[in-house]
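>>> Predicted model and sequence below, questions to follow.
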Amino acid sequence: MLNDNSRLFDAIIDPQDSNARYRCAIIHCADAVLRLHFAEKLINKVFGRSLQSHAAGLVVVMHCEAQLGLGPRPTLGLVQREMGGARTLAAFFGLLRFAGYLTQEPVPTDARATWLVPAPPLFEGLRQWLSHHARCSEILGLAEPGLCERLQADADGLRLYLAHARDLLDRTRAAMAGDGAWAWFDRFDCGDRIGLILLRAHHAAASDRQDGPNWFDLGGREIAARLGVSHSHIRNVINRAEAQGLLLQDRPSGRIALTPRLLAESEAWFRLFWGWVAETGRLAERHGGRS
C-alpha cells in the first residue's frame, strides 16, 4: 500500500500546479513516514509522543552543535532546562538507553553529570525522517533539488544540517504547542501517524472536481495492529476529532470524511514546516561553504 510515487509525480504534474504538488508531497510524506512506523512497536512506543521526539531531537542537535563548536554537549540538566518535564525526561532517556538509541559519557568536570550521546540508530531514524520531509520540500519547490539525497547519503552533510537545525526544532515545538488542527492530533500517542493515515486516504482518492465530503474507509483495526496501539485508542482519537470539527463519520457504513478545516490547517502546517526544512538546508550549505 505504501509506495514512493514522488518521482513519478514529478514527470506528470504541472510544476505551476501548487495544489497538485502539495497532494503529491503529502502522499509521499504519509507513505514514507508511515513506512518507518508500521510494524515497529518499539519505535512507536519510544517515540509515541511529541515531547519524546522533540527531546531526542534536541539531544542530537546539541551533540552536532558541539561537534562544530556552536554550543555545549547535551546533558540531562541542559535538556530539562530547555524543555521542562524533568521527571518525564529522565525516565524517557533511561528508555532510550535501554533501547540502544542513547549512550552516556562522564563529564570530567562534574562527577554528577553525564553527556548524552546519540547512538547510530537514533541518527539513522532521524536521517530517514528528515530526508523524507526534505523530499516533500523539493516537490513543492521550497528546497533546491539534492537536499534529500545529501541527507540520505552524506553523514557529514547530515551532521552539518542537524547542527543548524535548532530553529527548525524550536519552531516545530512551539507550533505543536499551539491550537492548529495538526497540533491537536500531535498531542495523542501516535497522533501524527493517525493524522497522516487520514490525510493519505483523503488525498489518494480526492478529485479536483469533487463536491462535498470525500468519504473513505479507515480500517481502524488494521491501523491499530500496524501501529501497535489499541483499536479503542484509534476510535477515541477519531471520535474526539469529530467533536473538534476535524472530520465527519458515517457510522452505519463506518466511513470517514475530513472537514475543510482539517484539510486547510494541516496543509498550512506542512507547507510552513517544509519551508523551515528548506531554510535549514540553505543555512547549513552556507556554513559548509565557509568551512
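Yes, it's here.

>>> Please make it C-alpha for all contacts and neighbour counts, starting now.
Fine.

>>> Run a quick neighbour tally on residue 32.
If you count neighbours by other CA atoms under 10 Å, residue 32 ends up with 20.

>>> The host helix or strand of residue 148 - contacts with which helices or strands?
If you go by DSSP states H and E, residue 148 is part of helix 147-153. With contacts taken as 3 or more CA pairs under 8 Å, 6 or more residues apart in numbering; DSSP states H and E, helix 147-153 sits against helix 120-139, helix 155-163.

>>> Nearest to residue 91, out of those helices?
Residue 91 lies closest to helix 120-139 among those, at 17.2 Å (CA to CA).

>>> what helices or strands is the closest one leaning on?
Against helix 120-139 (3+ CA pairs under 8 Å, 6+ apart) you get helix 18-37, helix 147-153, helix 260-290.

>>> Which strand in the chain has the most residues?
strand 110-118 (DSSP state E).

>>> Now do the most centrally placed residue in the chain, the pLDDT please.
Taking CA atoms, centre = their mean, the centroid of the chain lies closest to residue 129, which sits 6.6 Å from it. Per-residue confidence (pLDDT) for residue 129: 93.

>>> could you list every residue that touches it?
For residue 129, the contact set (CA atoms under 8 Å, 6 or more residues apart in numbering) comprises 33, 36.

>>> Against residue 218, how distant is it?
24 Å (CA to CA, to the nearest Å).

>>> likewise residue 239?
13 Å.

>>> pLDDT below threshold where in the stretch 151-291 of the chain?
207-211, 289-291 (pLDDT under 70).

>>> Distance from the chain centre to the longest strand of the chain, please.
27 Å (CA atoms, centre = their mean, to the nearest Å).

>>> pLDDT of that strand, averaged?
92.

>>> ok, and what's touching it?
59-60, 63, 73-77, 101-107.

>>> redo that, cut-off 6 Å
Here strand 110-118 makes contact (CA atoms under 6 Å, 6 or more residues apart in numbering) with 74, 75, 102, 103, 104, 105, 106, 107.

>>> in it, what counts as buried?
By neighbour count with 16 or more other CA atoms under 10 Å, strand 110-118 contains the buried residues 114, 115, 116, 117, 118.

>>> buried stuff in stretch 229-244?
Within stretch 229-244, the residues that count as buried by 16+ other CA under 10 Å are 229, 233, 234, 237, 238, 241, 242.

>>> any idea how far residue 185 is from the fifth one?
This means residue 238. Distance from residue 238 to residue 185, by CA to CA: 10 Å.

>>> Which residue, other than its chain neighbours, is closest to residue 121?
residue 101 (5.7 Å; CA to CA, 6 or more residues apart in numbering).

>>> Poorly predicted segments of the stretch 1-150 of the chain, please.
1-16, 39-42, 44, 46, 48, 85-86.

>>> at 50 instead, please
1-6, 8-9, 11-12 (pLDDT under 50).

>>> which ones are touching residue 159?
The contact partners of residue 159, by CA under 6 Å, 6+ apart, come to residue 64.

>>> go again using 10 Å as the cut-off
60, 61, 63, 64, 65, 67, 68, 123, 127, 151, 165, 284 (CA atoms under 10 Å, 6 or more residues apart in numbering).

>>> Could you dump those residues into TSV with neighbour count added?
TSV is the format used below for these (neighbours: other CA atoms under 10 Å):
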residue	neighbour count
60	26
61	25
63	25
64	25
65	23
67	15
68	13
123	19
127	20
151	26
165	26
284	20
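
>>> ok, these vs residue 179, which is closest?
Nearest to residue 179 among the contacts of residue 159: residue 165, at 23.5 Å, using CA to CA.

>>> separation between the residue nearest to the closest one when sequence neighbours are not counted and residue 121?
Sequence neighbours aside, residue 280 is the residue nearest to residue 165 in space, at 5.9 Å (criterion: CA to CA, 6+ apart). From residue 280 across to residue 121, the span is 22 Å (CA to CA).
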